[in-house]
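[1] Coordinates for the following, if possible.
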Amino acid sequence: MAIEIIHPEDEMDGGAELESLRNQVVAQARELATLRWEMSVLARKHPISGQATRVKSSLLKRFPRQAARILQLRRILPRLAKAKPQPVQARRGAEVIAFGGLSLAGPVLSIGDTSVARRLKGEIAGAELVTVTGGAGVGRSLPVAPANEPTLRPPEEGSFVKALIDDPNMLRQFGTIVVDAADDLSLGVLRGRLSSGQTLVLDVMTPASPASPLASELGDPQARESSLRSYSNFPAAWLDPIDRSGRPVVSLVSQLDWPKISVVMVSFNQAAFLEEGLKSVLDQGYPNLEFIVVDGNSTDGSRDILERYRDRVDHLVIEPDKGQSDGLNKGFARATGDILTWVNSDDLLEPGALFRVAQAFTFSGVDIVAGGCRQIGLSRNTIIVDHHNRLPFGIQVPLPLGLLLEMDRFWLTGSFFYQPEVFFSRDIWKRSGGKLRTDLYYVLDYDLWVRMAAAGANVIHIPDFLACSRTHEQQKTTVGMPNMPEIKRLLQEYSSRLRDPP
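    Numbering: from 1, shown residues only. Predicted coordinates:
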């Protein structure tokens, strides 16, 4: 994809047409985003009746067909919720299953439609066998991927990745896991998630595809049978470093080297949420954490909370600043980690998030790791939306600049990131400018992702929920779309700099 930078004196007569098209995109984005906001208001569990009535009236006037459909969905959503598919489950038993010349501990998880999977279906019945499709399945949301861009697609129901999203502890319920030795994606997801006492069986019978290089990391198999290779003594890097509750397994964590992760937290008058946010980072138990907290001189009691945690924070800055971007730039200027991210004081990290991020960076060597983010209410238990971006899971792909710039089709529809679910390398941070723009208030993160994409960033999407983004009345965007003027200004900037935007 060629992007040619032009200067004002080189602009062609098509500039006016391009500007007109951009204005149309902005107008469409405004309408779509407003509709999406009002849809979310209608769907809240505890709407204020008067407000809901006004929103309903507004929708009926401006979007009569869509509004009628939304109201119909509200009536049937409770029935759909009751019929929601349950995560993959199997009972953990001590039964040993004879399979050819191998002894498999039940129950068995079979990943993908392999010859072994078909044999297992004929020999193992009931709860002792659970089958899922490999990786994230083959479904896609766009029928044809744009040239040089990854296809955006959510994971299929019944796929291995979807099962892990629904239940992060799903793998712990199985004694044996069977997978095609050529299935790079599934093996990549399995690496770092196995438990002592489990058995991994690789099917090496697929002639069309050579075994994944990942299989060589397992060393020599402990047993063989025809086309099967059985492993039960795993390298430390293949074992899960966190337990069922997301706490570190100290004996295993101490065997590995962990990259340094710098987490910058910015805060201003968020005392009601601050301590819980601090604990969500500190309670990770990550052995190589650099925690930097920047407070904009809060006056609501935040200072007293921060002073109690001063000895557990690597850098604590309490002074007036010029806004969120200025505070973040102060924090990142002090950061020395290999991996960087920021957390707002009203947001939370999920237990075990830093270990999952470190594993992904270590195994893949990418610029960006993105997982999932839960949008919550005032309590962590009040989940409004479980969000995952729609980039492919488990494989390294370029961060698609072209799709990012199609804001109305992809950004405003949630196809890309909620900021707390993104971690990035120090290298891509520097390559994309090493600062957040202080003239942006609402879309400073979007601008950063665009700059990283333009700098050639590659990204890997993992199935783990990494953070929670809290929704409350004091946050920046609560009603309407106050960020639209900034979005329009950014699109105008981008259109003036790109001759042929992808």
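
[2] low pLDDT regions in the stretch 51-200 of the chain?
    Flagging of the stretch 51-200 of the chain using pLDDT under 70 yields the residue ranges 51-94, 125-127, 139-151.

[3] what are the ranges of the helices in it?
    64-82, 115-123, 160-166, 184-190 (DSSP state H, counting those that start in this stretch).

[4] Now do the second one: everything it contacts.
    Where contact means CB atoms under 8 Å, 6 or more residues apart in numbering, the residues beyond helix 115-123 that reach it are Ile97, Phe99, Val108, Ser110, Leu129, Thr131, Val178, Val201, Asp203, Met205, Ser227, Leu228. C-beta here means a position set from N, CA and C on the backbone, and glycine is covered the same way.

[5] contacting residues around Asp113?
    Thr133, Gly134.

[6] I'd like to know how far it sits from Leu102.
    20 Å (CB to CB, to the nearest Å).

[7] And Leu405, by the same measure?
    Counting by CB to CB, the gap from Leu405 to Leu102 is 52 Å.

[8] again, but for Leu349
    For Leu349 relative to Leu102 (CB to CB), the value is 41 Å.

[9] Comparing these two, which residue is more hemmed in?
    Leu349 (26 against 18; other CB atoms under 10 Å).

[10] tell me which element the residue nearest to the spatial centre of the chain falls in.
    The residue lying closest to the centre of the chain (CA atoms, centre = their mean) is Gly371, at 1.9 Å. Using DSSP states H and E, Gly371 sits in strand 368-376.

[11] Now do that strand: which elements does it pack against?
    helix 353-364, strand 383-388, strand 422-425, strand 458-470 (3 or more CB pairs under 8 Å, 6 or more residues apart in numbering; DSSP states H and E).

[12] from the chain's centre, how far out does the longest one sit?
    Centroid separation between strand 458-470 and its chain, computed with CA atoms, centre = their mean, to the nearest Å, is 2 Å.

[13] Moving C-terminal from that strand, which element do we reach first?
    By DSSP H and E, the next helix or strand past strand 458-470 is helix 484-497.

[14] Ile177 is in contact with Thr199, isn't it?
    Yes: with contact defined as CB atoms under 8 Å, Ile177 reaches Thr199; the gap is 7.3 Å.

[15] Poorly predicted segments of the protein, please.
    1-94, 125-127, 139-151, 206-209, 472-483, 495-502.

[16] at 50 what do you get?
    Scanning the chain for pLDDT under 50 picks out 1-13, 25-26, 29-57, 59-60, 64, 67-92, 140-144, 478-480, 501-502.

[17] Chain neighbours aside, what residue packs nearest to Pro210?
    Spatial nearest neighbour of Pro210, chain neighbours left out: Ala182 (6.5 Å); criterion: CB to CB, 6 or more residues apart in numbering.

[18] so that neighbour makes contact with Pro213?
    No: contact criterion CB under 8 Å: Ala182 and Pro213 do not qualify, at 10.5 Å.

[19] quick one, which of those two is more surrounded?
    Set side by side, Ala182 and Pro213 show more neighbours around Ala182, with 22 against 9, by other CB under 10 Å.

[20] Next, that one: phi, psi?
    Backbone dihedrals for Ala182, given as degrees, to the nearest 10, come out at phi -90, psi 0.

[21] From here on, call the first residue 22.
    Yes, from this point I'll number from 22; that puts the last item at Ala203.

[22] Tell me the spacing between it and Ile483.
    21 Å.

[23] mind listing what Asp448 touches?
    By CB under 8 Å, 6+ apart, the residues touching Asp448 are Asp388.

[24] Check the one 5 residues further on too.
    Contact criterion CB under 8 Å, 6+ apart gives Leu469, Arg472, Met473, Ala475, Ala476, Ala478 as the residues in contact with Ser453.

[25] Can you tell me, leaving aside adjacent residues, what's nearest to it?
    That would be Arg472: by CB to CB, 6+ apart, it lies 4.1 Å from Ser453.

[26] what about that neighbour, which helix or strand?
    Going by DSSP H and E, Arg472 is in helix 465-475.

[27] Show me what that helix packs onto, helices and strands only.
    Contact here means 3+ CB pairs under 8 Å, 6+ apart; on that basis helix 465-475 packs against helix 345-355, helix 422-426, strand 443-446, helix 505-518.

[28] Adding mean neighbour count, write the ones you listed out as JSON lines.
    Shown next, in JSON lines, are the helices and strands packed on helix 465-475 (neighbours: other CB atoms under 10 Å):
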{"stretch": "helix 345-355", "mean neighbour count": "20"}
{"stretch": "helix 422-426", "mean neighbour count": "21"}
{"stretch": "strand 443-446", "mean neighbour count": "24"}
{"stretch": "helix 505-518", "mean neighbour count": "16"}
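
[29] Among the ones you listed, which comes closest to Thr403?
    strand 443-446 (23.0 Å; CB to CB).

[30] Report the buried residues of the helix or strand following the closest one.
    Of the helices and strands lying after strand 443-446 in sequence (DSSP H and E), the nearest is helix 447-452. Buried residues in helix 447-452, counted by 16 or more other CB atoms under 10 Å: Arg447, Ile449, Trp450, Arg452.

[31] which of those residues lies closest to Arg458?
    Using CB to CB, those come closest to Arg458 at Trp450, 13.8 Å.

[32] Return the residue spatially closest to Val153, with its sequence-adjacent residues excluded.
    Nearest non-adjacent residue to Val153 (CB to CB, 6+ apart): Phe181, at 4.7 Å.

[33] could you measure the one you found against Ser131, distance?
    Following CB to CB, the distance that separates Phe181 from Ser131 is 10 Å.

[34] Can you pull the residues that touch both of those two?
    What both Phe181 and Ser131 touch, as defined by CB under 8 Å, 6+ apart, is the set Val153.

[35] Of those two, which one has the most company?
    The neighbour comparison of Phe181 against Ser131 (other CB under 10 Å) goes to Phe181, with 32 against 26.

[36] re the thing from before, select, out of the helices and strands packed on strand 389-397, the one closest to Asp359.
    It is, among those and with distance given as CB to CB, strand 443-446, at 6.7 Å.
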